[in-house]
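Student: with the input below, show me the fold.
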Amino acid sequence: MIEDEILIIFQPKNKSIKVPKGTNLIDAADKAGIIIPNICGRSGKCGKCKIKILQEKIPYTLQEEVLLTPEERSYGIHLACQVNAMTNLLVEILTEEKVTTTKFLTYDLANEFEIDNHIRKVFIRLKKPDIKEQLDDIENLKSSISLPTRQISIPLPVLQNLSSFLRKNDFGGTFVFSDNSIINIESGDTTNRLFGLAFDLGTTTIVGSLVNMFTGEILGISARTNPQTKQGADVISRVKYATSEPGGLTKLQAIVIESINEIIEELCNQAEVNFREIYELSLAGNTIMNHLFLGVTPKYIAESPYIPAFRKSQQFTAEELGITIQPRSPVSTLPNISGYVGGDITGFILASDFHKSDKIILGIDIGTNGEIVLGSKDRLLCCSAAAGPAFEGGHITNGMRAMEGAIDKFNIGDDQAFFHVIGETDPRGICGTGLIDVVAELLRVGVINITGKIETPGADSLPSWLQKRIIVGEKNNSFILVQENESNLQKQIILSQRDIRELQLGKGAIAAGIAILCKELGIAINEIDQILIAGAFGSYLNKYNAQTIGLIPAIPAERVKYVGNAASLGAKKFLLSQKIREEADQIINNADYIELSSRPDFQEIFAEKMLFEPSH
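Tutor: As a prediction, this is how the structure comes out:
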């Protein structure tokens, strides 16, 4: 082993890695192919990256002293982000995120698509040259396709290969055009094979779809955890990493490109498509994700007045970005509406036809930032509500992402509590949808009141079994969601008063954003004709419980619809149609962005929406 290099072994997977002394355990785990949850971007504030140091005893940092209980410290539990390894270590991984997402819920809002893409294939048979007619190969080609000379361009790599190709293929082949530029030549007649890719580059998940460019048929879908989560669960953490860490921006771009290429390889294997048959890629991401994808600094989006480097669609070649499809294929981002309402919301609007609707539609994409759109064909308003990490399980005592071991559904019966755990395994914590269910149920039975306070046992209205689940503290109470005897892991899972406050902050921000958009549009809540909830979180959200706590407006539940991965569908429509691209440009030019922080009425409305009561 090289001097100043140490060995770290990760159990229970028995994976080992040699790293330089002083390497952070998050980085060491990454090199070993292990993703340790790291919601706060290594600031030591979320407490989600717990690991156990075996055999060795190392000192605790101040952040660890604050976030870890004395009992945890006695067992050798540390926060991975706080450990810079100086000696060989044997580490037990307590929580790991899987890179591959095996299930991703997607709904199509449209079954038919406009197909007028600018990529086309033409089989051309050229004249065979002879000594009498001295026609060069380019002029021969141009005369054979009957187009004016000025309308055709031939990139240098194609030109370099043209003469050899023609003579090897008896002066015939399939020419691939992007507008009027020949981007490739294929042997034989392959005019029936043309494929594209539509990507939703989410903060947490990357979803790719392989599309038949002639029919719009989806030939495969694949999803993976965004590897940038190692640098923080939210975009602001990633902005900080990109702008403060040496080489941070380059690394964030490189790892997301690598993940996209892995998805492409998987899709090609699924559908038996060669990557060189893929001639276009469209990508929908929020504004910061779009910047990181292109390697453009997002620094100034995070600083007032929150100005991005670009809003319009950006187009580069696959070769420039290092994406493994046909090298000269165009790669396009969907346009951004503002610094905090990005191409994913443009895709949402395109997918659901907000901009063409006679009805007033409210669209919500719930996450760390809750993006909200309201309006119809007459006017579109949008805003971004800083909901915080509670919906992703961040800053919650036993919170976690929606992954194996997370409670995602919860309800209270006559004499016991019932819950569902992702992966049908023992519960390890609770994710955002489960948190909403818990609070709605506790409101219903009277364990908490509309201010969010957990009541003290003794109320006659509460059955004794529920009262026994309330832990009375000196300042605040907690509620036991899972008793130790209800899990083979022998782990008690609780909901603290602070957890409820975190949820109130998140739901209050989104509800206030909705209220302000309604106020700006001049409508009452009950005038909303339809609510569309997008994203993976929304797909598993209990709409009745979301209405009970006041997260979404209390309109008739049949008018609330889950639309799943609408950004992917918008990216697909953008991929297939030039007309849709023009509509996307119109959307970003016509949508009015409301900056909530600049509104004098925001704080008052936000305080009102912190209460757990339906919004009418």
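
Student: average model confidence for stretch 536-549?
Tutor: On average, the pLDDT along stretch 536-549 is 86.

Student: next, the buried residues of it.
Tutor: 536-543, 545-549 (16 or more other Cβ atoms under 10 Å). C-beta here means a position set from N, CA and C on the backbone, and glycine is covered the same way.

Student: how far does it sit from its chain's centre?
Tutor: 18 Å (Cα atoms, centre = their mean, to the nearest Å).

Student: who's in contact with that stretch?
Tutor: Contacts with stretch 536-549, where a contact means Cβ atoms under 8 Å, 6 or more residues apart in numbering, come from 104-105, 107, 202, 204-205, 364-367, 391-392, 402, 408-409, 432-433, 436-437, 439-441, 443-444, 503, 507, 533, 552-554, 557, 560, 562-565, 612, 614.

Student: put the alpha carbons of that stretch into PDB.
Tutor: Taking Å, rounded to 0.1, in the frame of the first residue of the first chain, the C-alpha atoms of stretch 536-549 are listed here in PDB:
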ATOM      1  CA  ALA A 536     -42.900  10.900  -7.700                       C
ATOM      2  CA  PHE A 537     -43.900  12.400  -4.300                       C
ATOM      3  CA  GLY A 538     -47.300  13.500  -5.600                       C
ATOM      4  CA  SER A 539     -48.000  10.100  -7.100                       C
ATOM      5  CA  TYR A 540     -48.000   8.400  -3.700                       C
ATOM      6  CA  LEU A 541     -49.700  11.300  -1.800                       C
ATOM      7  CA  ASN A 542     -53.000  10.700  -0.200                       C
ATOM      8  CA  LYS A 543     -55.000  13.700  -1.500                       C
ATOM      9  CA  TYR A 544     -57.600  13.500   1.200                       C
ATOM     10  CA  ASN A 545     -55.000  13.800   3.900                       C
ATOM     11  CA  ALA A 546     -53.200  16.500   2.000                       C
ATOM     12  CA  GLN A 547     -56.400  18.500   2.000                       C
ATOM     13  CA  THR A 548     -57.000  17.700   5.700                       C
ATOM     14  CA  ILE A 549     -53.800  19.400   6.700                       C
END
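
Student: tell me who's in contact with the most centrally placed residue in the chain.
Tutor: Closest residue to the average C-alpha location of the chain: G202 at 2.1 Å, with Cα atoms, centre = their mean. If a contact means Cβ under 8 Å, 6+ apart, then G202 has 226, 285, 289, 344, 535-536, 567 as its contacts.

Student: for it, give its distance to F171.
Tutor: 47 Å (Cβ to Cβ, to the nearest Å).

Student: over to A402?
Tutor: 57 Å.

Student: which of those two has more residues huddled nearby?
Tutor: Neighbour count, other Cβ atoms under 10 Å: between A402 and F171, A402 has more, with 21 against 18.

Student: so how far is stretch 598-616 off the chain centroid?
Tutor: That offset, for stretch 598-616, works out to 27 Å (Cα atoms, centre = their mean).

Student: quick one, grab the pLDDT at K230.
Tutor: Confidence score, pLDDT, at K230: 81.

Student: that one looks like it's in a strand, true?
Tutor: No - going by DSSP: H, G, I helix; E, B strand; the rest coil, the assignment for K230 is helix, not a strand.

Student: so it sits against N38, correct?
Tutor: Yes - at 5.9 Å, K230 counts as touching N38 under the criterion of Cβ atoms under 8 Å.

Student: mutual contacts of the two, please.
Tutor: I26.

Student: re earlier: out of the buried residues of stretch 536-549, which two sit at the greatest distance?
Tutor: Greatest spatial distance in the buried residues of stretch 536-549: A536 and T548, 21.6 Å, computed using Cβ to Cβ.

Student: hey, where'd the strands end up in the stretch 401-550 of the chain?
Tutor: 406-412, 417-421, 429-430, 470-471, 478-482, 493-496, 530-534 (DSSP state E, counting those that start in this stretch).

Student: brain fart, the stretch 101-250 of the chain
Tutor: Under DSSP E, counting those that start in this stretch, the stretch 101-250 of the chain gives strands at 119-125, 172-178, 181-186, 195-201, 205-212, 218-225.

Student: buried deepest among those strands, which one?
Tutor: strand 195-201 (a mean of 27; mean count of other Cβ atoms under 10 Å).

Student: how far does that one sit from its chain's centre?
Tutor: On Cα atoms, centre = their mean, the centre of strand 195-201 falls 14 Å from that of its chain.

Student: i'd like the first residue to be 307 from this point on
Tutor: Renumbered: residue one is now 307, and that last one reads strand 501-507.

Student: pLDDT (mean, whole number) over that strand?
Tutor: In this model, strand 501-507 has an average pLDDT of 96.

Student: which strands and helices sit next to it?
Tutor: Contacts defined by 3 or more Cβ pairs under 8 Å, 6 or more residues apart in numbering; DSSP states H and E place strand 501-507 against strand 511-518, helix 554-577, strand 584-591, helix 593-600, helix 649-658, helix 872-882.

Student: right, and those - which one's nearest P763?
Tutor: Of all the helices and strands packed on strand 501-507, it is strand 511-518 that lies closest to P763, at 41.0 Å by Cβ to Cβ.

Student: show me what the closest one packs onto, helices and strands only.
Tutor: strand 501-507, strand 524-531, helix 554-577, helix 872-882.

Student: distance to I643 added to the ones you listed, as CSV?
Tutor: Output for those, formatted as CSV (distance: least, Cβ to Cβ, whole Å):
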stretch, distance to I643
strand 501-507, 16
strand 524-531, 25
helix 554-577, 22
helix 872-882, 12
